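S.K.: okay, sequence plus prediction incoming.
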Amino acid sequence: MPDSHPYQRRQRLHDKRQRLYVRSQIISRMRDFFHQAGFLEVETPQRIPAPAPEQYVDPEPSGSWFMAASPELQMKQLLCAGYDKIFWLGHCFRKGERGPHHLPEFTMLEWYRSHAGLEDLMRDCEQLLCRAAADIALPEPLTLPTPFAQTTVDAAFRQYAGWSPGPSPDQHRFDMDLVTKVEPALPTNAPLFLTHYPRSMASLAQISPDNPDTALRFELYWGGLELANAYAELTDPQEQRQRFQEASHQRLQDGKPAMPLDEHFLRQLDLGMPTAAGIALGVDRLVMCLTGATSIDEVVAFPDP
């Protein structure tokens, strides 16, 4: 909501000063972490002709194109072209997302490793968060225990929601119980990996060869907040096209517009993509966790321009 008086806006900006200083430190340390680990920072377009079609993510139109909800498809084209360790840090856009933990324009960190798996990304997360938290101007000193704890989606749902999702749960029931029962019950004093998502929620991830009812996907939680979403990336072009078509069809079933397919990305998959793992992390939410903020508005200078 716009401030009713210009002095209110000025005061709110003033009150955020300490957290915005910490935010700057965190972002600087994240970049340093990746540069020292040999990653290449890349830039991708903010306006794109075709986003990845997802049932629950609505891209913001920009003329006949869209504002990018993620740099994922462009970064995977770089993987196809032989780049092995890349990261991106910038703004993403999603239509209609606004709340204490959501903004329609938000800051995301995304990185990919060729010839790597989810265990590699877990180690990245542990080292990155410890680096970001070390010796910064927090309300009190913070030391994160490593390795981070892990639990499977099935175990968490059995313990906190009283049922097993299986390979293809009802999406509405799953989402409701995740938000109202599972997330509030997860440990809040340290980060945790929630692993082995149901097969039907693989999105752009591979299916586990060891347990075909689950996907090679994890999410990183801290303080009840989802911070990051990681995949062992799907590299099969036919399977990827089919999943895009199914997601677009589901959008139509839900009364939403279908999305055009990114043929540039799909043609690059046809030429071959190496085994890879990738992850997207919400920077604003990480700053919330590290500064004790209860709303995303407290860690972003202009949440409502």
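M.R.: Structure received. Numbers count the residues shown, from 1 in each chain.
S.K.: all helices for the stretch 201-305 of the chain, in order.
M.R.: Counting by DSSP state H, counting those that start in this stretch, residue ranges of the helices within the stretch 201-305 of the chain are 237-253, 263-271, 283-291.
S.K.: deepest of these, which one?
M.R.: helix 283-291 (a mean of 23; mean count of other Cβ atoms under 10 Å). Just so you know, the C-beta spots here come from the backbone N, C-alpha and C atoms, and that holds for glycine as well.
S.K.: contacts for that one?
M.R.: 18-19, 22-23, 26-27, 30, 89, 101, 103, 106-109, 129, 132-133, 136, 138-139, 142, 222-223, 225-227, 293-296, 298-300 (Cβ atoms under 8 Å, 6 or more residues apart in numbering).
S.K.: of those residues, select the buried ones using a PyMOL command.
M.R.: Selection of buried members from these for PyMOL, criterion 16 or more other Cβ atoms under 10 Å:
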select buried, resi 19+22+23+26+27+30+89+101+103+106+107+108+109+129+132+133+136+142+222+223+225+226+227+293+296+298+299+300
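S.K.: tell me how far Thr275 lies from Phe302.
M.R.: Per Cβ to Cβ, to the nearest Å, Thr275 is found 40 Å from Phe302.
S.K.: quick one, which of the two is more surrounded?
M.R.: Each of Thr275 and Phe302 has its neighbours counted (other Cβ atoms under 10 Å); Thr275 has more, 14 against 11.
S.K.: so who does the more buried one touch?
M.R.: Contacts of Thr275 (Cβ under 8 Å, 6+ apart): 114-117, 232-233, 235.
S.K.: try Leu234
M.R.: Leu234 neighbours (Cβ under 8 Å, 6+ apart): 202, 204-206, 240, 243.
S.K.: please repeat the previous calculation with a cut-off of 10 Å.
M.R.: Going by Cβ atoms under 10 Å, 6 or more residues apart in numbering, Leu234 touches 76, 202-207, 215-216, 240, 243, 269, 273, 276.
S.K.: and the least confident of these?
M.R.: Among those, Ser203 carries the lowest pLDDT, at 88.
S.K.: where exactly do the strands run in the chain?
M.R.: Along the chain, counting by DSSP state E, strands occupy 40-41, 47-48, 61-62, 65-67, 85-93, 105-114, 149-152, 192-195, 217-222, 225-232, 276-282.
S.K.: okay, now the unreliable bits of the chain?
M.R.: 1-4, 137-141 (pLDDT under 70).
S.K.: quick check: longest helix of it.
M.R.: helix 17-36 (DSSP state H).
S.K.: thinking again about what came up before, which among the contacts of Thr275 end up buried?
M.R.: Among the contacts of Thr275, the ones that count as buried by 16+ other Cβ under 10 Å are 114, 116-117, 232-233, 235.
S.K.: and the residues you listed, which is closest to Gln8?
M.R.: Nearest to Gln8 among those: Glu233, at 45.8 Å, using Cβ to Cβ.
S.K.: about what we covered before: buried subset of the contacts of Leu234, written for ChimeraX?
M.R.: Entered in ChimeraX, the line below selects the buried ones among those, by 16+ other Cβ under 10 Å:
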select :76,202,203,204,205,206,207,215,216,240,243,269,273,276
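S.K.: for Tyr197, see how far away the closest residue to Gln245 other than its chain neighbours is.
M.R.: Of all residues not flanking Gln245 in the chain, Leu261 sits nearest, at 7.6 Å (Cβ to Cβ, 6 or more residues apart in numbering). Distance, Leu261 to Tyr197, using Cβ to Cβ: 24 Å.
S.K.: the more surrounded of those two?
M.R.: Legend: neighbour count by other Cβ under 10 Å for Leu261 and Tyr197, higher for Tyr197 (24 against 16).
S.K.: residues touching that one, list them.
M.R.: 152-154, 165, 174, 203, 205, 208, 214-219, 229, 231.
S.K.: redo that, cut-off 8 Å
M.R.: Going by Cβ under 8 Å, 6+ apart, Tyr197 touches 153, 205, 214-215, 217-219.
S.K.: and what of Leu142?
M.R.: Neighbours of Leu142 in contact, by Cβ under 8 Å, 6+ apart: 133, 290.
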